[in-house]
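Trainee: Requesting a structural model of the entry that follows:
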Amino acid sequence: MMLLKITFSFIKICLLAFGGAYSAVPLVAREIVDVQKWMTYVEFADLLALDELTPGPIMINSATFVGMKLAGIPGAIAASLGCCIPPAIICFVLDMIYRKYREVPVVSQILQAMRCMSLALVISTLISLSANIMFHGAGISFANLDILSVVLAAVAFVLIRKEVADPIVVLLGCGAVSIFSSMLLGI
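Mentor: As a prediction, the model looks like this:
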């Protein structure tokens, strides 16, 4: 029964996920953390970090990690199938429609509206994850602020945005700094 629940959760996520992987992240978070309560936001943030370290699409990686955590290898397969089958069918149908009607102005307007919606979803997730990571899920106040997380996030953003370092190197560096701080400073 759990395998069906996992599969249908990811089918639901993937049927509503427009705009690519990052715009789907809030949908995954809502289903996994808020609706099903299979993870906390901190665990979900860890999952996103692992997603960034592994090759492949974020949605598939997320589905695989969640499924594996919940029901082992069968759960990973169930979640991955739930994540793959609906988009494959939808993409096939949409490609046929787009090829036929791409010059129609209303199609461009629909795509613009979908881009705006995707941006709103990404910003929403950014705010939720930022609050949970930088304040450890506690109330947002200066007393709860994790200065190391703020500094690491800011430095990582600048290094990646300015293309000074490869994102994998930055992720590993942030992990090393965090471990070093934890061991030496007890932060």
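Trainee: Which pLDDT value does the model give the closest residue to F10 other than its chain neighbours?
Mentor: Nearest non-adjacent residue to F10, counting by Cβ to Cβ, 6 or more residues apart in numbering: G82, 3.2 Å away. Just so you know, the C-beta spots here come from the backbone N, C-alpha and C atoms, and that holds for glycine as well. At G82, the model reports a pLDDT of 93.
Trainee: Kindly report the same for the one 3 residues further on.
Mentor: The confidence metric pLDDT takes the value 89 at I85.
Trainee: Now for it: which residues touch it?
Mentor: Contact partners of I85, counting by Cβ atoms under 8 Å, 6 or more residues apart in numbering, are I11.
Trainee: Likewise for Q112?
Mentor: Contacts of Q112 (Cβ under 8 Å, 6+ apart): none.
Trainee: which stretch of helix or strand covers A45?
Mentor: helix 41-53 (DSSP states H and E).
Trainee: Provide the contact partners of that helix at residue level.
Mentor: By Cβ under 8 Å, 6+ apart, helix 41-53 touches 25, 28-29, 32-33, 39, 58, 61-62, 65-66, 128-129, 132-133, 136-137, 167-168, 171.
Trainee: now with 7 Å?
Mentor: Outside of helix 41-53, the residues within contact range by Cβ atoms under 7 Å, 6 or more residues apart in numbering are 29, 32-33, 58, 61-62, 65, 129, 132-133, 137, 167-168, 171.
Trainee: Sitting in helices, which of these do you find?
Mentor: A29, I58, N61, S62, F65, L129, N132, I133, P167, I168, L171 (DSSP state H).
Trainee: Put the buried members of those residues into a PyMOL selection.
Mentor: Buried residues among the ones in helices among the contacts of helix 41-53 (16 or more other Cβ atoms under 10 Å), as a PyMOL selection:
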select buried, resi 29+58+61+62+65+129+132+133+171
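Trainee: and the ones in helices among the contacts of helix 41-53 as a markdown table, adding distance to F92?
Mentor: Below are the ones in helices among the contacts of helix 41-53 laid out as a markdown table (distance: Cβ to Cβ, whole Å):
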| residue | distance to F92 |
| --- | --- |
| A29 | 28 |
| I58 | 21 |
| N61 | 23 |
| S62 | 23 |
| F65 | 27 |
| L129 | 33 |
| N132 | 37 |
| I133 | 38 |
| P167 | 32 |
| I168 | 33 |
| L171 | 35 |
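Trainee: Need the residues that contact stretch 21-40.
Mentor: Outside stretch 21-40, the residues that reach it (Cβ under 7 Å, 6+ apart) are 9, 12-13, 16-17, 41, 44, 57-59, 62, 66, 70, 118, 121-122, 124-125, 128.
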